[in-house]
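>>> Let me see the structure of the following:
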Amino acid sequence: MAAPAVRDGSLSRREVLALALAAGGGAFLVGRGAAAQGVGAGEVREIHLEARQVSWELAPGRIIRAMAYNGQIPGPELRLKEGERARIVFKNLLSEPTTIHWHGVDVPNPMDGVPGVTQKPVQPGETFVYEFDARPAGTRWYHTHFQEHRQLDLGLYAPLIIEPSQPDPFPFGREHTLVLDDWATGTGPALPSTPEGTAGGRGGMGGMMGGMMRGGMGRMMEGMMGGGRTPAYDVMTINGKAYPATVPLRVRPGERVRLRVINASADHTHAIRLAGHRLQVTHTDGNPLVHPVEVDAVPIAPSERYDVQFAADRPGAWFLYCAGPGHAQAGEQVLVLYEGREGDAPARPVEGVAGLNLWHYALGGGRDILPTPSGRDRSYNLTLSGGMMGSDAWTINEKRYPNTDPLRLRKGDRARVRFSNMSMEAHPMHLHGQ
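Take a look at the predicted model:
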């Protein structure tokens, strides 16, 4: 079966199903993504990736030196079927070491991509083969895990979509994948940091201290907390481009549209809105909710993923954008164009989230996906702290890695981990390999 055409980076539901059912061997490229064809039992999907330096144009005339997978930012979108065996042949053409972490995928420990812990760094010119079964289904992503703050900032990230083997619990007619990022280019004014959440909408700080941080004491406190170390991010992108270079998202009236949103930013929380439409949150970090939750905007912290849907029932031209201070102006906006309405003039983005119904975790119920434990129940209390008085020391239970105490478990145990954040910054925490 021939690969279906991709229009402006979007896939209709029919095209997604065609990709999953197409027969043949090897991975093939579709538009921006490497989509996996169907394989028989016992077969392995082989995909080739390479990391190298590139010149990348964020917007007309704004060209930067970056790092990329297969010469593009984001890297190729990999689409696999749940349970499919994937073999990723990765070659490092950079002038420095690197690795790949498969974020949200249940990979074997040696495939997890943490240098010095699960594998040796892949040296310049070397090749490393990652092999794993694609599960669980959902919106995942892959990215560098070597000096990841710097290499992520330079573009080493990409979507990984694992199609469910069972019918999707939230049907849709068309989908778009959106990867958000922040860039320090030195070509414009620096954007304010969003360490405590979007406009105070959520995060670790509240009350008097939160108000001081967002008010007149902000600059002084940022200095005490080491805020001066944050790069001067001045450009915001969607799928590697800043508006007006962002590629419009095209929809047809009457469709139900799914957006897979991935925050690859190193520093910023983004509040995603679609003018003229309400959004329904269906998945958090790739995992389905029990019921969709309708909101005005979705704050998404670094490394988080959200699947949201909207009904294409308001024909015209609209902006999908970040409502954070200065973000849309710095490029984080993309047109949503209804078929036949390409000449319409969209209303400009409205900054701020005051008065909006924002997504937060208490609104949505997650599905019970953990197996019945065969071992003991174990509980851990972890206190996060650090960063005061300009220090770069961040601690868990007053210890810095590698001196932190490990969480020791046996296979089959059920672990409960409670985090208490005593620092002045929000800390998205990610559990590898589980």
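>>> Quickly list what the residue lying closest to R278 once chain neighbours are set aside is bridged to.
Leaving aside its sequence neighbours, R278 sits nearest to E294 (C-beta to C-beta, 6 or more residues apart in numbering; 5.2 Å). Every residue, glycine included, has its C-beta placed from N, CA and C. Beta-bridge pairing of E294 under DSSP bridges involves Q280.
>>> so what's E294 up against?
E294 makes contact with R278, L279, Q280, V281, according to C-beta atoms under 8 Å, 6 or more residues apart in numbering.
>>> ok, the last one - contacts?
The contact partners of V281, by C-beta under 8 Å, 6+ apart, come to L289, P292, V293, E294, V295, V298, Y306, D307, V308, W359, L363, G364.
>>> Tell me the spacing between it and H176.
16 Å (C-beta to C-beta, to the nearest Å).
>>> repeat for the second one
Shown here: L279 relative to H176, a distance of 13 Å by C-beta to C-beta.
>>> Same check on N239?
Note on N239: its distance to H176, by C-beta to C-beta, is 9 Å.
>>> Next, show the common contact partners of L279 and H176.
L259.
>>> Provide a complete list of residue ranges assigned to helices in the stretch 51-200 of the chain.
148-153 (DSSP state H, counting those that start in this stretch).
>>> Confirm for me that L259 is in contact with H176.
Yes. Contact criterion C-beta atoms under 8 Å: L259 and H176 qualify, at 5.5 Å.
>>> and the closest residue to T185 other than its chain neighbours, what does it touch?
In this structure, T185 finds its nearest non-sequential neighbour in V235, 5.3 Å apart by C-beta to C-beta, 6+ apart. Going by C-beta under 8 Å, 6+ apart, V235 touches L58, A59, R62, D182, W183, T185, T187, G188, A242, A330, G331.
>>> one more time with 10 Å
When contacts are counted by C-beta atoms under 10 Å, 6 or more residues apart in numbering, V235 touches 58-59, 62, 64, 181-188, 191, 241-242, 330-332.
>>> Now a PyMOL select for only the buried ones of the residues you listed.
Per 16 or more other C-beta atoms under 10 Å, the buried members of these correspond to this PyMOL selection:
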select buried, resi 58+59+62+64+181+182+183+184+185+188+191+241+242+330+331+332
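>>> Quick check: P192 touching D234?
No. Applying C-beta atoms under 10 Å as the test, P192 and D234 come out as separate, 11.2 Å apart.
>>> what do these two both touch?
G326.
>>> and these two? which has more neighbours close in?
Each of P192 and D234 has its neighbours counted (other C-beta atoms under 10 Å); D234 has more, 19 against 15.
>>> Wait, the more buried one touches G326, no?
Yes. With contact defined as C-beta under 10 Å, D234 counts as touching G326 (9.1 Å).
>>> Which residues are in contact with each of those two?
Going by C-beta under 10 Å, 6+ apart, residues that sit against D234 and also against G326 are G188, P189, A190, L191.
>>> On the pLDDT front, check the residue nearest to R278 for me.
Here the pLDDT value assigned to E294 is 98.
>>> any idea how far it is from D168?
Distance from E294 to D168, by C-beta to C-beta: 18 Å.
>>> repeat for T246
Distance of T246 to D168, given as C-beta to C-beta: 27 Å.
>>> Please give me every residue in contact with P231.
Contact analysis of P231 by C-beta under 10 Å, 6+ apart lists H149, R150, D153, D182, W183, A184, T185, G186, A190, S193, A266, D267.
>>> a markdown table for these, including distance to D285 and pLDDT?
Converted to a markdown table, the contacts of P231 look like this (distance: C-beta to C-beta, whole Å; pLDDT from 0 to 100):
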| residue | distance to D285 | pLDDT |
| --- | --- | --- |
| H149 | 20 | 87 |
| R150 | 24 | 94 |
| D153 | 22 | 96 |
| D182 | 20 | 96 |
| W183 | 24 | 96 |
| A184 | 26 | 94 |
| T185 | 29 | 94 |
| G186 | 33 | 91 |
| A190 | 29 | 92 |
| S193 | 23 | 78 |
| A266 | 18 | 84 |
| D267 | 19 | 84 |
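>>> Give me the subset of those residues lying in strands.
Of the positions in the contacts of P231, D182, W183 sit in strands, assigned by DSSP state E.
>>> Out of the contacts of P231, which comes closest to N92?
Taking C-beta to C-beta as the measure, N92 lies nearest R150 of the contacts of P231, at 15.5 Å.
>>> from what I can see that closest one touches A266, true?
Yes. Counting by C-beta under 10 Å, R150 does reach A266; the two are 8.8 Å apart.
>>> Who has more neighbours out of these two?
For R150 versus A266, the count of surrounding residues by other C-beta under 10 Å is larger for A266: 19 against 14.
>>> wait, doesn't the more buried one sit right on T144?
No. Applying C-beta under 10 Å as the test, A266 and T144 come out as separate, 11.5 Å apart.
>>> Give me the pLDDT value at the residue nearest to L80 when sequence neighbours are not counted.
Spatial nearest neighbour of L80, chain neighbours left out: A134 (3.8 Å); criterion: C-beta to C-beta, 6+ apart. A134 carries a pLDDT value of 98.
>>> And A3, by the same measure?
What the model reports for A3 is a pLDDT of 34.
>>> what about T246 and D168, which has more around it?
Shown here are T246 and D168; by other C-beta under 10 Å, T246 has more neighbours (22 against 16).
>>> For my notes, confirm the more buried one occurs in a strand.
No. Under the criterion used here (DSSP: H, G, I helix; E, B strand; the rest coil), T246 is coil, not part of a strand.
>>> Report the separation between the residue lying closest to it once chain neighbours are set aside and G340.
Leaving aside its sequence neighbours, T246 sits nearest to V334 (C-beta to C-beta, 6+ apart; 4.0 Å). Using C-beta to C-beta, one gets 19 Å for the distance from V334 to G340.
>>> I am finished for the moment; much appreciated.
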